[in-house]
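1. the following comprises the amino acid sequence and a computationally predicted model.
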Amino acid sequence: MDFDSKKVLFVGDCNPNGYIYLRSQSIKRLVKKMDSIDINEYINSSDRLKYSLAYRFQLRLFLKNLNNAIINKINEDAYDLIWFDKPIFILEETLRIIYRMGIKTVSYNMDNPFGPRDDGCWNLYLQNIKKFTYHIISRRSDYKNLKNMNARDIIYMPFHYEKTLHFKEKNIKKELDVTFIGTPHDNRIEFIDYLARDLKTSIHVFSAEWRKFKKRLGSRSNVIINDAIYKSEYRSVINKSKIMLGFITQS
């Protein structure tokens, strides 16, 4: 495919601190033109009630503005492809309109819609599986599940990084003993608690989501919960760490 001549519409979370935004910029460098629609402009997580209803139940009332924006955009300009990053808010009728216009679609999803964890956000996505031209996955285990749901074309793309941002820094002091960057899924809380009990060293956790589980960590004074970190700060913490914890998410 001659990417240099293609026009792409990117639909996803365009927060410049996030990895999805970095992915959009990589796509932008490959194609002739890329426009974007930021889902945060239409489904705002700062309004907790509305966002919860949109996320958990995918109610049309809260999704129509985003979907109308997509339809308006493709009526205004001609696109070869629409890249949907984690398309949990896309209505079936929107995908039907896109299909009738002859525009190819990509569903890119790093998360697991088939696991036992009840995220509550996957109903609409699962209904639309066979409506996308391509599915790009980072988890090989999703391949069989998608095939069983009649997905048309599945492409495996491993996890990746932005080389201009994520690199080994020189002459940096290892100030942090043990660190973990990420959310408290699965048995991570229990593992951190167990580790903190048996180790006298400090354990730095980076994600504000851990604060609501502080009681479960008891009085572990050596567990330090920090806010989420992004971009160069993310890289800096990795470089400053003597030991970094990584978990395989089972759910």
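-> Cool, the structure landed.
2. which pLDDT value goes with Y143?
-> Per-residue pLDDT puts Y143 at 95.
3. which of the three states applies to it?
-> helix (DSSP: H, G, I helix; E, B strand; the rest coil).
4. my guess is N67 contacts R96. True?
-> No - applying CB atoms under 8 Å as the test, N67 and R96 come out as separate, 11.3 Å apart. Yep, even glycine has a C-beta here, placed from its N, CA and C like the rest.
5. and the two? Which one has more around it.
-> Between N67 and R96, counted using other CB atoms under 10 Å, the more crowded position is N67 (20 against 12).
6. residues in contact with the strand or helix carrying the more buried one?
-> According to DSSP states H and E, N67 maps onto helix 60-76. With CB atoms under 8 Å, 6 or more residues apart in numbering as the test, helix 60-76 has contacts from 9, 11, 35, 37, 39, 41-43, 50, 53-54, 82, 89-91, 93-94, 97-98, 101, 103.
7. among those residues, which are in strands?
-> Among those, DSSP state E puts L9, V11, D35, I37, I82 in strands.
8. can you tell me how far the first one is from S36?
-> Right, the one you point to is L9. 7 Å (CB to CB, to the nearest Å).
9. just E233 next, same as before
-> For E233, the distance to S36 - CB to CB - is 24 Å.
10. out of those two, which sits in the busier spot?
-> Set side by side, E233 and S36 show more neighbours around S36, with 19 against 13, by other CB under 10 Å.
11. need the contact list for the more buried one.
-> L9, F10, V11, G12, C14, S24.
12. can you give me the helices for the protein?
-> Along the chain, counting by DSSP state H, helices occupy 19-30, 48-57, 60-76, 92-100, 123-127, 142-148, 188-198, 231-240.
13. and the ones you listed: which comes nearest K170?
-> helix 231-240 (9.2 Å; CB to CB).
14. wait, N40 sits on G12?
-> No - applying CB under 8 Å, one finds N40 not in contact with G12, separated by 9.5 Å.
15. report the separation between the residue in the chain sticking out farthest from the centre and L176.
-> Relative to the centre of the chain, and counting by CA atoms, centre = their mean, the farthest-placed residue is K200 at 34.2 Å. As defined by CB to CB, K200 lies at a distance of 15 Å from L176.
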